[in-house]
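In: Sequence first, then the predicted structure, then my questions.
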Amino acid sequence: MMNLILPWDWQRVVIEPWTSGAEIYGWILLMGFLISATCGLIGNYLILRRMALIGDAISHSVLPGMAVAFLVTSGWKNAGDQLGATANLQEGLLHGWPILLGAILAGMVTSLLIELIHHRSRIKQDAAIGITFSTLFALGVVLISLFADKVDLDADCILHGEIAFIPLEPFLSVGGWAVAPLPVIQMLGVASLTVLGIGLFYKELLISSFDPGLAKATGIRVRWIHYGLMVWLSIVVVSAFESVGAILVIAMLILPGATASLLSQSLRTMLGISVVHALLSSLGGLHLAIWLDTSIAGSMVVAGSGLFMIAWFLSPTQGLLKQRGKAGAVG
């Protein structure tokens with residue numbers, strides 16, 4: 001009978017990745033950390049605004065946006081001839097400014113449709129999100145089926161990404177020296193701009209997230225802040241799409257912020273905890289994937305979920321252990 005869980009090997013799981021395999025696993029760990037940290041920082045604001053599932057909607061709706069942009073700029077038939085019958089769809093979809101613009105526009109359309117359905121009907125916001133993202137994702141699948149019959153849709157890329165192939169991507173070279181894989185450079189840029197944006201608009205994001213009415217009264221353009229956040233969320237999702245896929249990016253948007261909200265009520269502290277969560281989940285997930293020989297991105301999410309469970313149990317204010325103690329004291 002096959003063992004479902006492989007035996008633990010300290011040398012293979014813990015030592016070898018940072019000795020003989022450091023050049024490979026180091027880039028994977030860095031990419032996982034950058035994605036999880038960037039998603040976590042944005043996710044804190046989504047959770048505060050009770051819009052956590054909007055990340056789910058946008059992560060699914062970027063597919064038709066990218067598909068339409070690719071159709072307009074290149075043409076499916078010509079793209080199929082150029083890439084070949086067995087080319088991967090992500091080679092055409094995930095590179096280039098037109099594709100990024102298409103994804104951003106799709107994210108904006110998603111946000112507008114959700115608000116339109118919610119405010120112009122009796123449909124609640126959660127139902128509006130479900131209707132919008134499922135419809136747009138299905139539209140993307142239909143477009144691909146109609147116009148991209150010569151291009152292979154890689155389900156691995158769509159569902160859980162290909163972060164393990166990051167070390168095999170082309171490197172950015174400066175003065176003849178290979179600096180880093182291009183996706184890592186791109187994600188580092190997105191992460192840096194995310195931190196910069198939060199720093200520049202910290203007050204506006206804080207007030208509009210906790211009290212939109214007060215934000216309007218103080219002259220903050222709440223709607224502009226909202227749509228700016230949605231645009232940047234689209235950019236973050238697209239940047240992470242190829243490495244962790246449309247499904248796992250949702251968890252990376254929610255888990256760090258949800259864990260942080262159990263441990264602190266201060267937004268600054270929550271943002272810091274999200275970054276620490278991103279580091280620990282990336283490191284733990286990488287070793288878990290090496291141990292079990294499974295999906296690295298999926299293992300990072302599992303590790304992040306484990307950290308959430310620990311925080312949920314041990315939280316000094318909301319933890320299950322604390323609640324049990326209160327119940328015992330009352331009894």
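Out: Received the coordinates, thanks.

In: Identify the residue nearest the geometric centre of this structure.
Out: residue 249 (3.1 Å; Cα atoms, centre = their mean).

In: What is the neighbour count of the residue nearest to residue 68 when sequence neighbours are not counted?
Out: In space, and not counting its chain neighbours, residue 68 is closest to residue 102: 5.7 Å by Cβ to Cβ, 6 or more residues apart in numbering. The way it works is simple: take the backbone N, C-alpha and C, and place the C-beta from them, glycine included. Residue 102 has 26 neighbours, counted by other Cβ atoms under 10 Å.

In: Might one say that residue 102 is in contact with residue 61?
Out: No. At 10.9 Å, residue 102 does not count as touching residue 61 under the criterion of Cβ atoms under 8 Å.

In: Give me the three-state assignment for the residue nearest to the centre of the chain.
Out: At residue 249 the chain is in helix, as set by DSSP: H, G, I helix; E, B strand; the rest coil.

In: And the one 10 residues further on, by the same measure?
Out: For residue 259, the assignment made with three-state DSSP gives helix.

In: my guess is it meets residue 275, correct?
Out: No. Contact criterion Cβ under 8 Å: residue 259 and residue 275 do not qualify, at 11.4 Å.

In: Have a look at those two and say which one is more surrounded.
Out: residue 259 (26 against 19).

In: tell me the contacts of the more buried one?
Out: 273-274, 277, 304, 307-308, 311 (Cβ atoms under 8 Å, 6 or more residues apart in numbering).

In: To what extent is residue 227 buried, counted in neighbours?
Out: 16.

In: Can you tell me the element it falls in?
Out: Assessed by DSSP states H and E, residue 227 sits inside helix 222-263.

In: In space, what's closest to residue 226 - neighbours in sequence excluded?
Out: residue 208 is the one closest to residue 226 (Cβ to Cβ, 6+ apart), at 7.3 Å.

In: Contacts for the helix or strand encompassing that neighbour, please.
Out: For residue 208, the host element (DSSP H and E) is helix 202-210. Helix 202-210 has contacts (Cβ under 8 Å, 6+ apart) with 45, 48-49, 198, 214-215, 218, 220, 222, 225-226, 229, 267.

In: which among those gets closest to residue 11?
Out: residue 198 (41.0 Å; Cβ to Cβ).

In: Report the distance from the helix or strand hosting the closest one to the chain centre.
Out: Taking DSSP H and E as the criterion, residue 198 maps to helix 182-200. In terms of Cα atoms, centre = their mean, to the nearest Å, the centre of helix 182-200 is found 13 Å from the chain centre.
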